[in-house]
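Peer 1: my questions are about this predicted structure, shown below with the sequence.
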Amino acid sequence: MLRSPLSETVTMNVAPPADPPRLLEAGPRSEPEEHRLGLLALCGLALIVGVATGFGAVLLRDLIGLVHNAFYNGVLDYHYNANLLDRPSRFGVFVALSPIIGGAIVVFLVERFAPEAKGHGVPEVMDSVFYKRGDIRGVVAVIKSLASALSIGSGAAVGREGPIIQIGAALGSSFARAMGLSTWQKITLIAAGAGAGIAATFNTPLGGVLFALEILLPEVSNRTFLPVVVATGTATTIGRWLIGPAPAFAVPPFTFSLVEAFRFDDAIAFVALGLLCGVAAWAFIRLLVVMEDNFPKLPGGPYVQNLVGMAALGLAMVALTRLFGHSYIDGVGYGVIQSILDGGMEAVGLMTLLFGLKLLATTVSLGCGASGGIFSPSLFLGATLGGGFAALAHLAFPHIGLDIPAAAIVGMAAMVGAGTGGVMTAIVMIFEMTRDYAIIVPTIVAVAIAASVRRALIAETIYTVKLRHRGHRIPKERHVNLYLVQQAQDVMERAFLVVASGTPIGRAFAAETADEVRAIIVEREGRVVGLAPPRSGLWIAVQKDPETPIDRFVEPRLVVCRDVDLLSLVFARLRRRRASAAIVFAGDVRPRVRDVVGVITKRAIADTVIENFED
């Protein structure tokens, strides 16, 4: 007897009914109590940060000199003029061991006490500003000082400005955290310390301020600008007392005679130099990424990786000394820059060789674990590239007015501006270093072109590319003030409901849908008595109890503004009264219903922010 398949019993595992949806609400985040200082008190604290950073910059210089003299000449002396080319070491070929020994100590300090002290420092400061609520451990200032002094003094091809920026930022954060300050005040003091560090290092107070504004501060206003100015001015004064008032580089007075009669061929030459520096800045960034990505892949751990990199650098130092009498590429490289500015280095081949070797030496040093900055190497690269370009131009066009020192200075600004993204910082700092106003016009031209070329080739700067690999994107523009210049009428929602006080919510929403909930203005005898912002709770109330009076849903604090008021004023009122919407009216008197022209809601504000944002 055949059975129909339909007669068979089929057993199915049926899942139990799911639990009904539940409303989940995260509890408030537990944070330490924050305090806010008044602007005057914050400037007073910035003054203390500036003093500490100024002394820190001087101490770092002396530490570098002490290490350099010990490793190169076997003497204990902190006097060291970095603007002079070093004579051959008394240790001969054994000076190749100097960066190896110094690098091993640096790796120990960094691995054991402060991993943040590795590298050129500024990316870590930016990371703390944008992703760590302004928190930098105080121990970083100590370890960064020791590690950078050892790296630079023993021969690593890195600069001293990155370390002092990180040291100043760590001091600012430590003072702020000790006083329990709010996040924005911590960030302000971080920027103040960083700007103070670079100002004291190069004797460039304006450059220090602009560095903080362009690179670090997410907001530019009196409450952030004034503390930075106080700190940088104070640190510069300390540096001038203890180091001297002279600029970072001595520039001969004849250097810029050509700029007094800025001819067309000069302009073409500086445009070409800007293009060249833009490509060079891109190559610097890409090569640094390659080194920082691939050195950690070498077997043997950080000590072996550092040994490989520093051994290569040591051998290059010995080879250059044997061939030319100077090691050239080790340390901050100010001696080479000053030699070019003095007219003591004019060979195209030598400057080209030094450019290529310094590019490799700096990226290898940072890739294998040295502690130091990229600002001084950028100056070195710009000076050799600019000087070599001018020397080559003279060979091709003997009558061109471009001289080597002028091109070197313009190249320094173009490399720094393109590589770091701080174009205003580069222009002003080069002017402060040289104190010759005649260089401003060609510098602006070259920096603008170099920065544009670099950005066309790679969007990230040498500071932000490292953070991008961590998944931490840093905004390239400060959008915060772009939409604050708009008026209330540019943002407000022009569609709203007007209902009489006491109206049931169901009747008020008779023509509304769940997808189109508008703000409701509640009036009594022509006067505004309340505002119910659009929110999902209103529609739920319509479905649950349509007879509930609309007055139950109005904002407890009424915020009004004129249609011509700036959004900055509207935002301030909303924040002060903890409201979520504001009524916009036309006219200068307290509004009646007939004067209302719109409503500014958080929804409208969010739409404005999104529309004005460019990635």
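Peer 2: Okay, I see it.

Peer 1: excluding its backbone neighbours, what's nearest the residue positioned nearest the centre of the chain?
Peer 2: Closest residue to the average C-alpha location of the chain: Ile215 at 3.1 Å, with CA atoms, centre = their mean. Using CB to CB, 6 or more residues apart in numbering and skipping residues adjacent in sequence, the residue nearest Ile215 is Gly422, 5.4 Å away. Every C-beta, even on glycine, is put in place using the N, C-alpha and C of the backbone.

Peer 1: need the contact list for the residue nearest to the centre of the chain.
Peer 2: Ile215 is in contact with Val122, Met126, Ala194, Thr420, Gly421, Gly422, Thr425, Tyr463, counting by CB atoms under 8 Å, 6 or more residues apart in numbering.

Peer 1: ok, so of those residues, who is nearest Pro549?
Peer 2: If you rank those by distance to Pro549 using CB to CB, Met126 comes first, at 52.7 Å.

Peer 1: burial of that closest one, as a residue count?
Peer 2: For Met126, the count of nearby residues is 22 (other CB atoms under 10 Å).

Peer 1: that's a helix at it, yeah?
Peer 2: Yes. Counting by DSSP: H, G, I helix; E, B strand; the rest coil, Met126 falls inside a helix.

Peer 1: count residues in the vicinity of Asp62, would you?
Peer 2: Asp62 has 17 neighbouring residues, counting by other CB under 10 Å.

Peer 1: so it is in which element?
Peer 2: helix 39-73 (DSSP states H and E).

Peer 1: using PDB, write out every CA atom in stretch 448-460.
Peer 2: Taking Å, rounded to 0.1, in the frame of the first residue of the first chain, the C-alpha atoms of stretch 448-460 are listed here in PDB:
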ATOM      1  CA  ALA A 448      51.800  77.900  -2.300                       C
ATOM      2  CA  ILE A 449      52.900  75.900  -5.400                       C
ATOM      3  CA  ALA A 450      54.800  73.300  -3.400                       C
ATOM      4  CA  ALA A 451      51.900  72.700  -1.000                       C
ATOM      5  CA  SER A 452      49.400  72.400  -3.900                       C
ATOM      6  CA  VAL A 453      51.600  69.900  -5.700                       C
ATOM      7  CA  ARG A 454      52.100  67.800  -2.600                       C
ATOM      8  CA  ARG A 455      48.400  67.800  -1.900                       C
ATOM      9  CA  ALA A 456      47.700  66.800  -5.500                       C
ATOM     10  CA  LEU A 457      50.100  63.800  -5.100                       C
ATOM     11  CA  ILE A 458      49.100  62.800  -1.500                       C
ATOM     12  CA  ALA A 459      46.400  64.200   0.700                       C
ATOM     13  CA  GLU A 460      48.100  63.600   4.000                       C
END
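
Peer 1: any weak-confidence spans in the stretch 201-350 of the chain?
Peer 2: Residues of the stretch 201-350 of the chain meeting the criterion pLDDT under 70: 253-263.

Peer 1: which residue ranges of it form helices?
Peer 2: 205-211, 222-242, 264-294, 301-324, 334-341, 348-367 (DSSP state H, counting those that start in this stretch).

Peer 1: nearest to Ala438, out of those helices?
Peer 2: helix 264-294 (11.8 Å).

Peer 1: in the closest one, what's buried?
Peer 2: Neighbour-count burial for helix 264-294 flags 266, 269-270, 273-278, 280-285, 287-289, 291-292 (criterion: 16 or more other CB atoms under 10 Å).

Peer 1: okay, the helices of the stretch 201-350 of the chain, which one's buried deepest?
Peer 2: The highest mean neighbour count among those, using mean count of other CB atoms under 10 Å, belongs to helix 205-211: a mean of 27.

Peer 1: what residues does that helix touch?
Peer 2: Taking CB under 8 Å, 6+ apart as the rule, helix 205-211 contacts 165, 194-200, 202, 225, 228-229, 232-233, 235-236, 422, 424-425, 428-429, 432.

Peer 1: so which of the helices of the stretch 201-350 of the chain is nearest Tyr72?
Peer 2: Across those, the minimum distance to Tyr72, taken as CB to CB, is reached by helix 301-324, at 10.1 Å.

Peer 1: who does the closest one touch, helix- and strand-wise?
Peer 2: On a contact count with 3 or more CB pairs under 8 Å, 6 or more residues apart in numbering; DSSP states H and E, helix 301-324 meets helix 97-113, helix 348-367.

Peer 1: save those as TSV, and put in distance to Val251 too.
Peer 2: Below are the helices and strands packed on helix 301-324 laid out as TSV (distance: least, CB to CB, whole Å):
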stretch	distance to Val251
helix 97-113	31
helix 348-367	18
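
Peer 1: select, out of those helices, the one closest to Trp241.
Peer 2: So among these, helix 97-113 is nearest, using CB to CB, at 30.0 Å.

Peer 1: can you give the distance from that closest one to the centre of its chain?
Peer 2: Distance of helix 97-113 from the chain centroid (CA atoms, centre = their mean, to the nearest Å) equals 27 Å.

Peer 1: packing partners of that helix?
Peer 2: helix 39-73, helix 139-154, helix 301-324.

Peer 1: of those helices, which is nearest Arg494?
Peer 2: Here helix 39-73 is closest among the helices and strands packed on helix 97-113 (CB to CB), at 38.3 Å.

Peer 1: quick check: mean pLDDT of that closest one?
Peer 2: What helix 39-73 shows for mean pLDDT is 93.

Peer 1: list the buried residues in it.
Peer 2: 42-43, 45-54, 56-72.

Peer 1: any weak-confidence spans in the stretch 401-550 of the chain?
Peer 2: For the stretch 401-550 of the chain (pLDDT under 70), the answer is 401, 476-485, 509-517, 535-545.

Peer 1: one more time with 90, if that's ok
Peer 2: For the stretch 401-550 of the chain, the stretches with pLDDT under 90 are 401-404, 406, 429-442, 459, 464-550.

Peer 1: just to revisit the earlier point, among the helices of the stretch 201-350 of the chain, which comes closest to Phe113?
Peer 2: helix 301-324 (13.7 Å).

Peer 1: kindly export the closest one (C-alpha atoms) in CSV.
Peer 2: The C-alpha trace of helix 301-324 is given here as CSV (Å, rounded to 0.1, in the frame of the first residue of the first chain):
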residue,chain,number,x,y,z
GLY,A,301,62.8,42.9,17.5
PRO,A,302,63.3,46.6,18.0
TYR,A,303,67.0,46.4,19.1
VAL,A,304,68.0,44.5,15.9
GLN,A,305,65.9,46.8,13.8
ASN,A,306,67.6,49.9,15.3
LEU,A,307,71.0,48.3,14.9
VAL,A,308,70.5,47.8,11.2
GLY,A,309,69.3,51.3,10.6
MET,A,310,72.0,53.0,12.7
ALA,A,311,74.8,50.9,11.3
ALA,A,312,73.9,52.0,7.8
LEU,A,313,73.9,55.6,9.0
GLY,A,314,77.2,55.2,10.8
LEU,A,315,78.8,53.8,7.6
ALA,A,316,77.5,56.7,5.5
MET,A,317,78.9,59.2,8.0
VAL,A,318,82.4,57.6,7.8
ALA,A,319,82.3,57.4,4.0
LEU,A,320,81.3,61.1,3.7
THR,A,321,84.0,62.1,6.1
ARG,A,322,86.6,60.2,4.2
LEU,A,323,85.5,61.7,0.8
PHE,A,324,84.7,65.3,1.8
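
Peer 1: lovely, talk soon.
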